[in-house]
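Enquirer: starting from these lines, generate the structure:
(2 chains)
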Protein chains: 2
Amino acid sequence: MEDLQSSADPITELIVAFNELNSSHIEELYEEPSPLEFMRFVAKNTPFVVRGAAAGWRATQTWNAKSLEEQLGKEPVNVAVTPIGNADAPTHHPEYGALVFAKPWEEDQPFDEFLNYVIQQEKDNLPLESTSEVRYAQTQNDNLRNEYAALFRDASPEIPFARIALQREPEAINLWIGNSRSTTALHKDNYENIYVQIAGRKHFVLLPPLCQPCVNEQDLQPAQYHRLDSSSSPSSFLSPKEKENQGGLSLDVETASDTVPFAIWEPDRPLENATQYSKLAEPMRVTLEPGDMLYLPCMWYHKVSQSCSPEGICVAVNYWYDMEFTGPLYPMSSFIRSVYHQDNPKK
Amino acid sequence: MEDLQSSADPITELIVAFNELNSSHIEELYEEPSPLEFMRFVAKNTPFVVRGAAAGWRATQTWNAKSLEEQLGKEPVNVAVTPIGNADAPTHHPEYGALVFAKPWEEDQPFDEFLNYVIQQEKDNLPLESTSEVRYAQTQNDNLRNEYAALFRDASPEIPFARIALQREPEAINLWIGNSRSTTALHKDNYENIYVQIAGRKHFVLLPPLCQPCVNEQDLQPAQYHRLDSSSSPSSFLSPKEKENQGGLSLDVETASDTVPFAIWEPDRPLENATQYSKLAEPMRVTLEPGDMLYLPCMWYHKVSQSCSPEGICVAVNYWYDMEFTGPLYPMSSFIRSVYHQDNPKK
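Expert: Predicted coordinates:
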């Protein structure tokens, strides 16, 4: 009876059918695809990894703590600061009594100071509770062609097979520098994404767009970390109940802001915050080694954690290309969300 | 309130969003696409037409009544026979009291006799009720490489841009010969389809896969036409109530067979058999002239009617390539059907 019932549920049927027709093991290539080969993956909205594709890049061959510091010196760079590496992540706010969408405190720091903090923290490897804060250079605003322009010449200016296939230049090229404390929470982007590992390793957990019913998307109140000594904190507008002090950071709930729809289930803690469909998800997992290149198709959910190079840093570059909104993928993905939320209103 | 309600319905949202993001005018090319250009259309599951792509084919340049008759003479060919050109079409059966899925009577006829019948009927242009039967060579079983092998050398052995892009040979290559009496009812196929007009014109009405809620798919009892004088008719198994005599053909309901899910709404009679979603459909219409080539993406609904060359024939060739079942399109399309039928059980 259980089986008959669940097979009659359209969402269950959808995810089970997808799992039967698609592998949860990522396809591994050993050389870059041609534009046509790439387009076949785009057409089926399916990830692949090219092992060693960027092994010959100057970035992969030369970037390390010393060379980065030489290039950037005391240049101010934007740094995301959180207590436990939870930038843009669903975070329990004890006093607010709910999960909130925690945005990092952002501030400019001299690059060398930022980098040495990241490295020292990784080296010290103190228990979580004795770490004062986690720092991550993760502005996703085309920073490699702006803030970090001095480094851009060492990376590929674009990904030729993607440009030719998609007929567009990258919308943004982003540099990521952090240590193993930072994690990117499960989310999705409306971009075709080419992700290139430079130093250290990234661990991706991937779910296709139609797993929306598995990820327990909830409308979270946004909140932002603020340094307690920062004059720019809007904490004066908030009641004491709505703040939480962690290390030197206060998590201030933006009670006047619109909520943010965000996944609160994640495949590495499958029993927490699960929906009735979470158990059907068959996550695809892939670790990028230095020089590896991942095609992360548009609208795929991804959670990203990282390990450091022996020096204590993790560095990656990604290329965002605008996705195609014509065709069935985008409206059909929205449809799945609508059907799910019709039967499962957000709490 | 009406607007608010309908915007809250996921199926309405789906079709409206698709219409906003996609044109209902077909893209017209004037030379064949490269494999990569073709793959971009496959990726967005969107049709295009190439005007004059096959204008130089020997088939387009030389096939006419005389040359076809010279090549095939009295070779027996499979002919679909129906009273009004309704092969594989939902058809009202007065005595059965319902729509049935009417399959044609199939018989072998000498090619010259078949062709002359088709031409004479078109020339006579008698009113529908005084026409005894409609004949259509429409076996979709790779007939151009088998039954009509003598003609195959005049057509392209395959479509290079499709073979290279899809990495497969055509699964079937089909020849269609008929006159303006025959219509192909709205349906869809799990194939990527390249359709090439040779003589006369074809008029396509197209709907994307996500318009499933518009087409009023019902489970129809299959029925087959039989010649009243045919000894192979299984009419002895059927009660008189379940037969209908039209011209020399009896439509015998196959009461013991499984039903066939089939669209009973069609865009050219929008008020008949409509669902609450039919009015949202924005059909794409295209007429193929001799030498034109249509890419009909997998799972698109299509209704096809035809006009004759001055000689009184309509001839086309199509190439079916297996579709890709990995990726989201196939399971998402099934999902839409399931959600629709959950709320709108078949009658």
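Enquirer: pick out the residue of the stretch 1-150 of chain A closest to chain B.
Expert: Proximity to chain B, evaluated over the stretch 1-150 of chain A using CB to the nearest CB, is greatest for A:K44 at 3.2 Å. For glycine as for every other residue, the C-beta is placed from the backbone atoms N, C-alpha and C.
Enquirer: contact residues of the stretch 151-300 of chain A facing chain B?
Expert: A:164-165, A:167, A:208-210 (CB under 8 Å from any CB of the partner chain).
Enquirer: give me phi/psi at A:G178?
Expert: Dihedral pair for A:G178: phi -160, psi -170, per degrees, to the nearest 10.
Enquirer: how about A:H226?
Expert: Torsion angles, degrees, to the nearest 10, at A:H226: phi -130, psi 140.
Enquirer: cool, A:T259 as well?
Expert: phi -70, psi 160.
Enquirer: neighbours of it, how many?
Expert: Neighbour count for A:T259, taken as other CB atoms under 10 Å in any protein chain shown: 14.
Enquirer: picking that back up, wait, what's in contact with the residue nearest to the residue of the stretch 1-150 of chain A closest to chain B when sequence neighbours are not counted?
Expert: Nearest non-adjacent residue to A:K44, counting by CB to CB, 6 or more residues apart in numbering or on different chains: B:G327, 3.2 Å away. Counting by CB atoms under 8 Å, 6 or more residues apart in numbering or on different chains, B:G327 touches A:22, A:43-46.
Enquirer: next one: A:L72
Expert: By CB under 8 Å, 6+ apart, the neighbours of A:L72 are A:111-112, A:148, A:150-151.
Enquirer: hmm, try it at 7 Å
Expert: When contacts are counted by CB atoms under 7 Å, 6 or more residues apart in numbering or on different chains, A:L72 touches A:111, A:150.
Enquirer: swap in A:E75?
Expert: Listed by CB under 7 Å, 6+ apart, the contact partners of A:E75 are A:F111.
Enquirer: swap in 8 Å and give it another go.
Expert: Applying CB under 8 Å, 6+ apart, the residues near A:E75 are A:110-111, A:150.
Enquirer: low-confidence ranges, chain A, go.
Expert: Scanning chain A for pLDDT under 70 picks out A:1-7, A:131, A:229-247.
Enquirer: all helices of it, in order?
Expert: A:2-7, A:10-21, A:35-43, A:58-62, A:65-72, A:111-124, A:149-152, A:160-166, A:329-343 (DSSP state H).
Enquirer: tell me which of those helices sits most buried.
Expert: Comparing these by mean neighbour count (mean count of other CB atoms under 10 Å in any protein chain shown), helix A:35-43 ranks first with a mean of 22.
Enquirer: just the residues contacting that one, thanks.
Expert: By CB under 8 Å, 6+ apart, the residues outside helix A:35-43 that reach it are A:27, A:33, A:47-48, A:160-162, A:164-166, A:192, A:295, A:297, B:35-36, B:39-40, B:42-43, B:164-165, B:167, B:324, B:327.
Enquirer: in the stretch 201-347 of chain A, what residue comes closest to chain B?
Expert: For the stretch 201-347 of chain A, CB to the nearest CB, closest residue to chain B: A:G327, 3.2 Å.
Enquirer: distance-wise, check that residue relative to A:N193.
Expert: Relative to A:N193, A:G327 is positioned 18 Å away (CB to CB, to the nearest Å).
Enquirer: do A:P160 as well
Expert: Remark: distance between A:P160 and A:N193 (CB to CB) = 16 Å.
Enquirer: ok, A:L175 next?
Expert: Distance from A:L175 to A:N193, by CB to CB: 14 Å.
Enquirer: which one of the two has more residues nearby?
Expert: Applying other CB under 10 Å to A:L175 and A:N193 shows that A:L175 carries more neighbours, namely 26 against 22.
Enquirer: run a quick check on that one versus A:Y319, I expect a contact.
Expert: No. Counting by CB atoms under 8 Å, A:Y319 is not a contact partner of A:L175; they are 11.1 Å apart.
Enquirer: okay, and the beta partners of the nearest residue to A:Y191 once chain neighbours are set aside?
Expert: Of all residues not flanking A:Y191 in the chain, A:W320 sits nearest, at 4.0 Å (CB to CB, 6+ apart). Beta-bridge partners for A:W320, by DSSP bridges, are A:A172, A:N193.
Enquirer: what sits against A:W320?
Expert: A:W320 touches A:140, A:170-174, A:189, A:191-193, counting by CB under 8 Å, 6+ apart.
Enquirer: which of the residues you listed tops the neighbour count?
Expert: Ranked by the number of neighbours (other CB under 10 Å), those place A:E192 first, at 27 neighbours.
Enquirer: now do the same contact list for that residue.
Expert: Shown in contact with A:E192 (CB under 8 Å, 6+ apart): A:42, A:162, A:166, A:295-298, A:320-323.
Enquirer: equivalent analysis for A:I164, please.
Expert: Taking CB under 8 Å, 6+ apart as the test, what A:I164 contacts is A:35, B:36.
Enquirer: same deal with the one 10 residues further on?
Expert: Shown here is A:N174, whose contacts under the criterion CB under 8 Å, 6+ apart are A:138-144, A:317-318, A:320.
Enquirer: apply 6 Å and report the result again.
Expert: By CB atoms under 6 Å, 6 or more residues apart in numbering or on different chains, A:N174 lies in contact with A:140, A:143, A:318.
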